[in-house]
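[1] Whatever this is, show me its structure:
(one chain, ligands or ions: 2)
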Amino acid sequence: MKILSCTQQKEADTYTIAHESISSIDLMEKAATLITEAICKRWDKSHRIVVFAGAGNNGGDAVAVARMLFQKNYDVEVYLFNIKGSLSEECHTNVLRLAECGFQKYTEVSTQFDPPKLTEHDIVIDGLFGSGLNKPLSGGFAAVVKYINAAPSTVVSIDIPSGLMGEDNSYNIRQNIIQADLTLSIQLPKLSFLFAENEEFVGEWELLDIGISQTFIEEAQTPYLITEPQDVTTLIKPRSRFAHKGNFGHALLIAGSYGMAGASILAAKACLRSGAGLLTVHAPVCNHNLIQTCVPEALVQDDIHEHYFAEPVDIDSYQAIAIGPGLGQEEDTALATLEQIKNCYIPLILDADALNIFGTHRNHLNKIPKRSILTPHVKELERIVGRCSNSYERLSKAKELANYLQCYIILKGAWSTVITPDGNCFFNPTGNPGMATGGSGDVLTGILTALLAQGYTQEESCKLGTYIHGLAGDIASQRMGEISMTANDIIDALPEAWKIITKTK
Ligand SMILES: NC(=O)C1=CN([C@@H]2O[C@H](COP(=O)(O)OP(=O)(O)OC[C@H]3O[C@@H](n4cnc5c(N)ncnc54)[C@H](OP(=O)(O)O)[C@@H]3O)[C@@H](O)[C@H]2O)[C@H](O)CC1
Ligand SMILES: [K+]
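    Ligands and ions are numbered 1, 2, ... in the order given. As a prediction, this is how the structure comes out:
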């Protein structure tokens, strides 16, 4: 699913009107019908509906919704803010239609606004501004937003919370943005919906398909996409009945240190649960027996050091290498890692402590082989690119890093983002807050390593790996609950997740 900019959404609107023989007012009527249905589905007529409409088409949507709810015998009030004394054509048409159906509780605000007392049982419809917002709200509009946010009522925003920019809110004023409980977005999501700090504005969001031209959407250029099931199920490589373990690759996992054997064990188990033919774990001597006991299917190769990774290894017999889970931050380990990745011609994943090395040894960043996969969470990324004040800035810096290194970056979190060397961003829709638990990242690394070992490309491995990781996390959450689930539960859910993705019983 593509994420288009607000400008592109307007172009899509215009293109649809021009090519799908539907007028703008009828497109607005379609939008309003779906918005009304979504409201009626959630709230019965005991709720008073208080509509705040702007002078543009977002306001036009809101006034049309008011008419439809009124005709369904809801108790509706409308406040239309017509500060400049001119309404968009469609907004004006809907104001006339509202009057024609005998609606009485209509107030057009131009200067003085006597706000109604909003109660907990009221539903506020926010139709002040939509994709036409061109600067942060200020003055009277900011006051209206603050008044609505201070009210105890449920707030439903049309298309986007008024005051929120569709992409970059770096220069926005947070208290001048509507805090919606529900956002009913037209056709496609906005990029800003996917950023954690905007959750308080967007609330739950739902897309309304108003029939915007698919031709326009298909041809629209955007670096931002949300991965959908069909994007990953089509990647799955079928397994021949004559296959043998050599067909599925030999993976090398360089992981673990004294006291952090668990990370290497979790990554190893996840790797084997994701189809690797063979796995060798290179680990410090102290973890040898633990790994052999916990993951008997894995081969264990001892490092020369008792407690941590200290000596690079020969990589010729492997198809994929992952370095990082539980590696620790000893200087010897950093040096061994830098040595290990130099001239590494095998698909490589750098995770956790292998990434932290570049936070303290940034001058070695250019040693990272092109097309490597880096899997930082927010803090690990910011140790490399510097502190970021918001998700949009962080995404931009991650895109710059991926381009500079010509690598793939998986920025982990809600809506984990796969960033490719040429700047495409694939947002992953699976997963849940229960996955914010120790070892979850180690599991992802194991999955990614298995996919690379089986010959999936870096981009395929990143998209498929994050998707299956989140899907297993969702299954684990259903089984164990978000609070109690552990990284092991995610691994235990991998068989079910793989069956779903490969549609096997
Ligand atoms: N996406 C679709 O296919 C459809 C979308 N619909 C709805 O249309 C809105 C977009 O409507 P639009 O009229 O383009 O813009 P808005 O209603 O969001 O804003 C109206 C005008 O407000 C002014 N503006 C912008 N920012 C500010 C601000 N910070 N303070 C004050 N005023 C502001 C601006 O006018 P200017 O003269 O100031 O430039 C805007 O034009 C979309 O969100 C959907 O709800 C269609 O109904 C269906 C198809
Ligand atoms: K809005």
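[2] tell me the contacts of the residue of the stretch 301-450 of the chain found nearest ligand 1?
    When distances are taken as C-beta to the nearest ligand atom, the stretch 301-450 of the chain reaches nearest to ligand 1 at residue 392, 18.2 Å away. In this view, the C-beta of every residue, glycine as well, is placed from N, C-alpha and C. Residues near residue 392 by C-beta atoms under 8 Å, 6 or more residues apart in numbering: 167-170, 191-192, 195.
[3] Narrow those residues to just the buried residues.
    Buried members of the contacts of residue 392, scored by 16 or more other C-beta atoms under 10 Å, are 167-169, 191-192, 195.
[4] of all the contacts of residue 392, which comes closest to ligand 2?
    residue 192 (12.7 Å; C-beta to the ion).
[5] Surely that closest one is in contact with residue 166?
    Yes - if you go by C-beta atoms under 8 Å, residue 192 and residue 166 touch, sitting 5.8 Å apart.
[6] which residues do those two both contact?
    By C-beta under 8 Å, 6+ apart, residue 192 and residue 166 have these common neighbours: residue 160.
[7] rewinding a little: quick one: which helix or strand includes the residue of the stretch 301-450 of the chain closest to ligand 1?
    helix 391-405 (DSSP states H and E).
[8] list the buried ones in that helix?
    Residues of helix 391-405 classed as buried: 391-392, 394-399, 401-402, 405 (neighbour count, 16+ other C-beta under 10 Å).
[9] same thing with stretch 102-114?
    Burial within stretch 102-114, assessed by neighbour count using 16+ other C-beta under 10 Å, is assigned to 103, 106, 109.
[10] now do stretch 354-364
    Buried residues in stretch 354-364, counted by 16+ other C-beta under 10 Å: 354-359, 364.
[11] lowest confidence element among the helices and strands of this protein?
    Every helix and strand of the chain was ranked by mean pLDDT, DSSP states H and E. The lowest is helix 353-360, at a mean of 92.
[12] hey, where'd the strands end up in the stretch 151-300 of the chain?
    Secondary structure of the stretch 151-300 of the chain (DSSP state E, counting those that start in this stretch): strands at 154-158, 182-186, 204-208, 224-226, 250-254, 278-283, 299-302.
[13] If you average the pLDDT over the last one, what comes out?
    Put plainly, it is strand 299-302. The pLDDT scores in strand 299-302 average 98.
[14] pLDDT at the residue of the stretch 301-450 of the chain found nearest ligand 2, what is it?
    Closest approach between the stretch 301-450 of the chain and ligand 2, counting by C-beta to the ion: residue 392, at 19.6 Å. What the model reports for residue 392 is a pLDDT of 98.
[15] who touches the strand or helix carrying residue 107?
    Assigned by DSSP H and E, residue 107 belongs to strand 106-109. Identification of contacts with strand 106-109 by C-beta under 8 Å, 6+ apart yields 77-83, 95, 98-99.
[16] Tell me who's in contact with the residue of the stretch 151-300 of the chain found nearest ligand 1.
    Here the stretch 151-300 of the chain gets closest to ligand 1 at one residue, residue 159, 3.6 Å apart by C-beta to the nearest ligand atom. Residue 159 makes contacts with 58, 61, 130-131, 183-186, as judged by C-beta under 8 Å, 6+ apart.
[17] gap between it and residue 173?
    Residue 159 sits 20 Å away from residue 173, going by C-beta to C-beta, to the nearest Å.
[18] about what we covered before: partners of the strand holding residue 107, with directions?
    Strand 106-109 has its sheet partners listed here by DSSP bridges as strand 75-81 (parallel).
[19] chain center to the next helix-or-strand element following the strand it pairs with, what's the gap?
    Per DSSP H and E, the first helix or strand lying C-terminal to strand 75-81 is helix 89-100. When distances are taken as C-alpha atoms, centre = their mean, to the nearest Å, helix 89-100 is centred 38 Å away from the chain's centroid.
[20] what's the answer for stretch 285-301, then?
    Averaging C-alpha positions (C-alpha atoms, centre = their mean) puts stretch 285-301 36 Å from its chain's average.
[21] For that stretch, measure first residue to last.
    9 Å (C-alpha to C-alpha, to the nearest Å).
[22] Can you point out the buried residues in it?
    Residues of stretch 285-301 classed as buried: 286-288, 290-291, 294-295, 298, 300 (neighbour count, 16+ other C-beta under 10 Å).
[23] Name the SS class of residue 134, please.
    Under DSSP: H, G, I helix; E, B strand; the rest coil, the three-state class of residue 134 is coil.
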